[in-house]
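Colleague: sequence and predicted structure below; questions after.
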Amino acid sequence: MSERKRERRRTRSRSKDRKREDSGSRRKRSRDRSSSRELRKLWVRPLLKVRCIDPEYKKGYYFRKKMVVIDVVSYDIVVCKSEDGKLLEDIHPSRLESVIPKESPAYVMIVRGKQAGKVAEIRARDKRQCLATVEILPDREKVLELSYDSICEYVGEVD
């Protein structure tokens, strides 16, 4: 084999190695971006009242119990405070569901859709179709009809 051919092979293998390294760093960057996007898509937020739906969490003691979200630490860790005052620091959001308030006037936070993160007041409920008519605060200009899955009881202060 000639010296030229050997040199070409060496440079080809070096460039392939560089491409591999570059693609690895691209993957890392895309993972970082996707995790921040996932956090934005996460429906659980502080000051929401939620219900534990995992019968195996803490041996079933908190099954169907309501609690308030204190902090969202990461995509898979939420800190909640139970009704009896205990702090639960290792709850996965998949173990929780939103709570729809029964009494009126009631305040909710929109957790899905374009209006996610906004606080609203419930005006009417349709239990058969699982829909709620809400009025977005503070201007009260927009009235929306949202599914129960798109809202959750808000326990924070409302101005």
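Modeller: Looks like it came in fine. Numbering: from 1, shown residues only.
Colleague: switch to C-alpha atoms for all contacts and neighbour counts from now on
Modeller: Will do.
Colleague: what strand or helix carries residue 103?
Modeller: Following DSSP states H and E, there is no helix or strand that holds residue 103.
Colleague: ok, now how distant is it from residue 121?
Modeller: To residue 121, residue 103 is 11 Å away according to C-alpha to C-alpha, to the nearest Å.
Colleague: hey, which helix or strand in the protein has the poorest pLDDT?
Modeller: Sorting the helices and strands of the chain by mean pLDDT, DSSP states H and E puts helix 3-41 at the bottom, at a mean of 56.
Colleague: next secondary structure after that one?
Modeller: Assigned by DSSP H and E, the successor of helix 3-41 is strand 49-52.
Colleague: which residues are in contact with that following strand?
Modeller: Residues from elsewhere that reach strand 49-52, judged by C-alpha atoms under 8 Å, 6 or more residues apart in numbering: 62-69, 95-99, 152-155.
Colleague: go with 10 Å
Modeller: Strand 49-52 has contacts (C-alpha atoms under 10 Å, 6 or more residues apart in numbering) with 44, 60-70, 80-82, 91-101, 108-109, 152-156.
Colleague: alpha carbons of the helix or strand that that strand is followed by, in CSV - could you do that?
Modeller: Sequence order places strand 66-74 as the next helix or strand after strand 49-52, per DSSP H and E. What follows is strand 66-74 as a C-alpha-only set of coordinates in CSV (Å, rounded to 0.1, in the frame of the first residue of the first chain):
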residue,chain,number,x,y,z
LYS,A,66,-55.4,15.8,49.1
MET,A,67,-52.3,17.8,49.4
VAL,A,68,-50.8,21.1,48.4
VAL,A,69,-47.8,21.4,46.1
ILE,A,70,-45.1,23.3,47.8
ASP,A,71,-42.3,23.1,45.2
VAL,A,72,-41.5,21.4,41.9
VAL,A,73,-37.8,20.4,42.3
SER,A,74,-37.4,18.7,39.0
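Colleague: which strands border strand 66-74, and is each parallel or antiparallel?
Modeller: Its sheet considered, strand 66-74 pairs with strand 49-52 (antiparallel), strand 77-82 (antiparallel) by DSSP bridges.
Colleague: quick one, which of these is packed in tightest?
Modeller: strand 49-52 (a mean of 24; mean count of other C-alpha atoms under 10 Å).
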